[in-house]
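K.L.:
can't give you the sequence, but here's the structure:
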């Protein structure tokens with residue numbers, strides 16, 4: 001089969017779309033004013049930021065005053081968790097609940113707080129990567145100040161019962177944060193319906209550039225200032241706004257929610273065909289929930305191979321994929337998500353994450369179905385662990 005290029009790592013990042021690029025280009029060339037300036041060029045830039053904030057708010061069912069632009073999902077997670085911890089400490093509450101399968105931005109923020117004297121409970125998922133609202137309820141204490149649970153897992157695509165968990169927290173007066181970086185643009189996300197007090201998102205997961213994200217902070221939640229030095233973002237995050245990227249995020253969110261259900265159906269159909277073919281390979285396991293999962297996510301573990309070796313071989317054949325979270329690239333440790341789900345270290349080290357996006361085609365699926373089994377077979381021929 002003729003070699004082709006297939007990008008199947010959309011959970012790591014996406015290509016900037018034509019509509020997003022067109023929206024942000026004027027701000028890179030002509031509309032370069034500082035939004036804090038009083039002259040016309042500055043006022044125009046300020047108006048563009050406000051328009052993008054409204055686009056983002058509309059896409060999420062939020063108020064314009066509840067959206068704060070950040071540099072991305074990791075910053076948003078840090079601000080939400082550390083800010084809520086500060087509020088909790090001031091009230092004598094120093095206990096946090098999260099899950100063992102969160103993104104590293106959440107886990108390492110919690111780890112940093114533990115060094116400051118906070119206590120963190122890490123809830124273990126079931127074999128599908130799900131943590132229940134009942135687990136959250138059982139973990140809450142009188143001194144719990146925050147629960148952080150991701151909306152959809154970045155490695156295995158499992159969708160969490162965030163709405164139910166948030167309701168449990170509100171019954172007990174506990175703040176609730178959700179990392180929705182993977183979910184926004186993939187499934188309908190309405191902050192009012194979810195009941196989240198804080199929600200993180202990132203632009204480069206939905207065809208905006210890297211380095212732009214947002215944090216939703218519900219009205220009434222007074223998180224402390226995150227960056228000192230200016231009055232931007234209503235005094236909570238100093239720094240001259242990245243106007244082109246802000247415009248890009250507003251456009252990307254508008255595009256992402258326009259036909260979200262139709263898009264999900266198209267991706268799910270391709271993912272299911274890909275899964276059906278790859279699951280015919282001997283000794284392969286599909287990771288994540290069989291139905292409650294993101295439509296474009298397929299996570300598999302192959303026994304007796306190294307995931308990194310598979311990725312390199314696929315790259316030589318023109319296929320871009322990952323073995324888990326992009327933020328853990330280069331690590332030789334098995335996925336913390338898969339091991340938390342109960343998978344053996346040996347199997348977890350043979351993981352492959354294929355995430356489909358808007359630009360993938362049926363021909364891409366055909367190519368991956370032809371190439372991946374060949375690569376797995378070749379690696380197993382060289383593996384001393386393979387007994388097949």
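P.N.:
The structure has been received and is ready for your questions. Because the structure is a prediction, the values reported are computed rather than measured.

K.L.:
got the contact list for the nearest residue to residue 230 once chain neighbours are set aside?
P.N.:
Of all residues not flanking residue 230 in the chain, residue 238 sits nearest, at 3.6 Å (Cβ to Cβ, 6 or more residues apart in numbering). (Each C-beta comes from the backbone N, C-alpha and C, glycine too.) Taking Cβ atoms under 8 Å, 6 or more residues apart in numbering, we find residue 238 in contact with 225, 227, 228, 229, 230, 231, 232.

K.L.:
please repeat the previous calculation with a cut-off of 6 Å.
P.N.:
227, 228, 229, 230, 232 (Cβ atoms under 6 Å, 6 or more residues apart in numbering).

K.L.:
which one of the residues you listed has the most neighbours?
P.N.:
Counting neighbours by other Cβ atoms under 10 Å, residue 232 leads the contacts of residue 238 with 18 neighbours.

K.L.:
if we can go back for a sec, can you read off the pLDDT for the residue nearest to residue 230?
P.N.:
Looking at residue 238, its pLDDT stands at 98.

K.L.:
tell me where the stretch 201-350 of the chain has strands.
P.N.:
For the stretch 201-350 of the chain, applying DSSP state E, counting those that start in this stretch gives strands covering 213-217, 284-287, 297-302, 319-320.

K.L.:
which of the ones you listed sits most buried?
P.N.:
Mean neighbour count (mean count of other Cβ atoms under 10 Å) peaks for strand 213-217 among those, with a mean of 28.

K.L.:
re earlier: need the strands of the stretch 201-350 of the chain in JSON lines (columns: distance to residue 360).
P.N.:
Output for those, formatted as JSON lines (distance: least, Cβ to Cβ, whole Å):
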{"stretch": "strand 213-217", "distance to residue 360": "24"}
{"stretch": "strand 284-287", "distance to residue 360": "19"}
{"stretch": "strand 297-302", "distance to residue 360": "11"}
{"stretch": "strand 319-320", "distance to residue 360": "11"}
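
K.L.:
what distance do you get for the nearest residue in space to residue 109 that is not next to it in sequence to residue 192?
P.N.:
In space, residue 109 comes closest to residue 81 once its chain neighbours are excluded; the distance is 4.4 Å by Cβ to Cβ, 6+ apart. Remark: distance between residue 81 and residue 192 (Cβ to Cβ, to the nearest Å) = 22 Å.

K.L.:
which parts of this structure belong to which domain?
P.N.:
6-15+259-382, 18-258 (automatic domain parsing).

K.L.:
average model confidence for the first one?
P.N.:
Pointing back at domain 6-15+259-382 there. Computed over domain 6-15+259-382, the average pLDDT equals 94.

K.L.:
would you mark the buried spots in stretch 376-388?
P.N.:
376, 379, 380, 383, 386 (16 or more other Cβ atoms under 10 Å).

K.L.:
and if you look at stretch 52-72?
P.N.:
52-53, 55-57, 59-62, 66-72.

K.L.:
return the member of those nearest to residue 2.
P.N.:
residue 72 (37.2 Å; Cβ to Cβ).

K.L.:
ok, the closest one - contacts?
P.N.:
202, 213.

K.L.:
for residue 83, which non-adjacent residue is spatially closest?
P.N.:
Using Cβ to Cβ, 6+ apart, the closest residue to residue 83 is residue 223 (3.7 Å).

K.L.:
rewinding a little: most tightly packed of the domains of the chain?
P.N.:
domain 18-258 (a mean of 20).

K.L.:
distance from it to the middle of the chain?
P.N.:
Counting by Cα atoms, centre = their mean, to the nearest Å, domain 18-258 is centred 11 Å from the centre of its parent chain.

K.L.:
distance across that domain, terminal residue to terminal residue?
P.N.:
16 Å (Cα to Cα, to the nearest Å).

K.L.:
swap in stretch 123-137?
P.N.:
Note: stretch 123-137 ends 11 Å apart using Cα to Cα.

K.L.:
residues in contact with it?
P.N.:
99-101, 147, 153, 156, 158, 161, 164-165, 168, 288-289, 340-342.

K.L.:
among those, which are located in helices?
P.N.:
Under the assignment DSSP state H, those contribute 164, 165, 168, 340 to helices.
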